[in-house]
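> Quick one: sequence plus predicted model below, questions after.
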Amino acid sequence: MHAMSLPEQLAHSTIRIECETQAGETAVGTGFFWAVGDRNSSWVPAIVTNRHVVEKAKRGLLGFSLMGGGGKPSYGCLRTIKLDNFADRWIGHPQRLVDLCAAPLSSLVSPEISRGLFIVRLDKSLLPTPAELSSMAALEEIIMVGYPIGLCDGMNNMPIFRRGVTATHPFLDFGGRKEFLIDAACFPGSSGSPVLLYDAGIKLAPDSGLKGGGPTLKMLGVLYAGPQYSVTGTIDVIPIPTKCEQVAISRIPVNLGYVIKAERLLEFEGVFRSRGLLVPQA
């Protein structure tokens, strides 16, 4: 097998989160693997998603890819973990109004099992600097990785890639909040999807030849909500649902998504440190 490309690695940075609510309903969201802390000192592997994905869940179902030969995944080989008291395993963002939560991997999977899993962790080295953000255009191409309407390649445990563009400048705080908007199809199940600036690094040079500068990847944020237009003429911002429902059409999605800026992920470090969770990792 060829070396894994950057998109192939990204496909293993997310996980499908299936929840059973107290009412017995099934809901699906997206999580991604994140290194909380500094990999050069103390950090802990975790899964991050939206708070609204898991806060009402009594049980959870997580599907992990298994490690294959040569440090690559063994496609078609999965490990499914069922967890009770699922909502209690997650640590909310320190600001209640920020729709994020994180769970240390050790609270979900035993160390013996985790050693056999194929996981690609994102970390804060992927966050753009303020200078990089300010130099971006208002219109940038983005990708979103997740499980819209719960869809995935279940046989190979692979997520769905979606493409879109930034709808507001990612450097500016939309409405005074650390958020920006994207123009992309944001369906139920996409809650918690990482939103990334991705450039394959191949451009058309002035001499009409192809010029490769290497891929560029920046973690811009986490999808959590989308504006919908109601039949009464109001525009409401609601969390991206975790399940599809058959209802009368009274709200019309407008293919926009609200994204929490990735810098908010750094704010988990203080919470994890206060709980003694940040430790040196191999």
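Now that the structure is in, tell me what you want to look at.
> Show me the helices in the chain, by range?
With helices called from DSSP state H, the chain shows them at 6-11, 51-54, 111-114, 130-135, 268-274.
> ranking those by burial, who's on top?
helix 51-54 (a mean of 24; mean count of other C-beta atoms under 10 Å). The way it works is simple: take the backbone N, C-alpha and C, and place the C-beta from them, glycine included.
> If you count neighbours, what's buried in stretch 66-80?
66, 67, 72, 73, 75, 78, 79 (16 or more other C-beta atoms under 10 Å).
> shaky segments in the stretch 1-150 of the chain?
Residues of the stretch 1-150 of the chain that meet the criterion pLDDT under 70 lie in 1-2.
> 50 instead?
1 (pLDDT under 50).
> Where do the strands of it begin and end?
When assigned using DSSP state E, counting those that start in this stretch, the strands of the stretch 1-150 of the chain occupy the ranges 14-21, 26-37, 42-49, 57-67, 73-84, 91-92, 101-104, 141-146.
> For these, give me TSV that also has distance to residue 190.
Below are these laid out as TSV (distance: least, C-beta to C-beta, whole Å):
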stretch	distance to residue 190
strand 14-21	11
strand 26-37	6
strand 42-49	11
strand 57-67	17
strand 73-84	22
strand 91-92	20
strand 101-104	16
strand 141-146	5
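> right, so of those strands, which gets closest to residue 178?
Between residue 178 and the strands of the stretch 1-150 of the chain, the shortest gap by C-beta to C-beta is with strand 42-49, which sits at 15.4 Å.
> Now do that closest one: distance to the chain's middle.
12 Å (C-alpha atoms, centre = their mean, to the nearest Å).
> Who are the packing partners of it?
For strand 42-49, the elements it packs on are strand 14-21, strand 26-37, strand 101-104, helix 268-274, strand 279-280, judged by 3 or more C-beta pairs under 8 Å, 6 or more residues apart in numbering; DSSP states H and E.
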